[in-house]
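>>> need a structure here:
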Amino acid sequence: QVQLVESGGGLVQAGGSLRLSCAASGRTFTALAVAWFRQAPGKEREFVCGINWSPSTTAYADSVKGRFTISRDNAKNTVYLQMNSLKPEDTAVYSCAARALVLRTTPSNYNIWGQGTQVTISS
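So this is what the prediction gives:
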């Protein structure tokens, strides 16, 4: 069973950048689609972006298109989320999740989750 560990969260000013990492242990990301979700206080968890296993096609929520980039380093067994031009409304706990083969945007479709990392954007 794969375990996921996120890192890279923190506090930055609006307009700044952060790079989150989602590292897998126990097995590789082979044949797994990986997505990032976020949950702000008082709000439902929402899809941010994701990447399929093969081909490595990606999908983004409209709110982050052009600012966030998801990528995968198979050699390091890690998925990254590069976040640029951050806004206060990006403040949330960011979690990565994995599922077999095909990317989905609904959290209930994922059975493997990391513990989450806090991202706080100050105005």
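>>> tell me the confidence at Thr28?
pLDDT, Thr28: 84.
>>> any idea how far the residue lying closest to it once chain neighbours are set aside lies from Trp53?
Excluding the flanking residues, the one nearest Thr28 by Cβ to Cβ, 6 or more residues apart in numbering is Asn77, at 5.3 Å. C-betas here are computed from N, CA, C, even on glycine. For Asn77, the distance to Trp53 equals 13 Å [Cβ to Cβ, to the nearest Å].
>>> what touches both of these two?
Residues touching both Asn77 and Trp53 by Cβ atoms under 8 Å, 6 or more residues apart in numbering: Phe29.
>>> where does the most centrally placed residue in the chain sit: helix, strand or coil?
In the chain, the residue lying closest to the centroid (Cα atoms, centre = their mean) is Trp36, at 2.4 Å. Assigned with DSSP: H, G, I helix; E, B strand; the rest coil, Trp36 falls in the strand class.
>>> element containing the spatially closest residue to it that is not a sequence neighbour, please.
Excluding the flanking residues, the one nearest Trp36 by Cβ to Cβ, 6+ apart is Val48, at 4.3 Å. Using DSSP states H and E, Val48 sits within strand 46-51.
>>> each with direction, which strands does that strand pair with?
Strand pairing for strand 46-51, determined by DSSP bridges: strand 32-39 (antiparallel), strand 58-60 (antiparallel).
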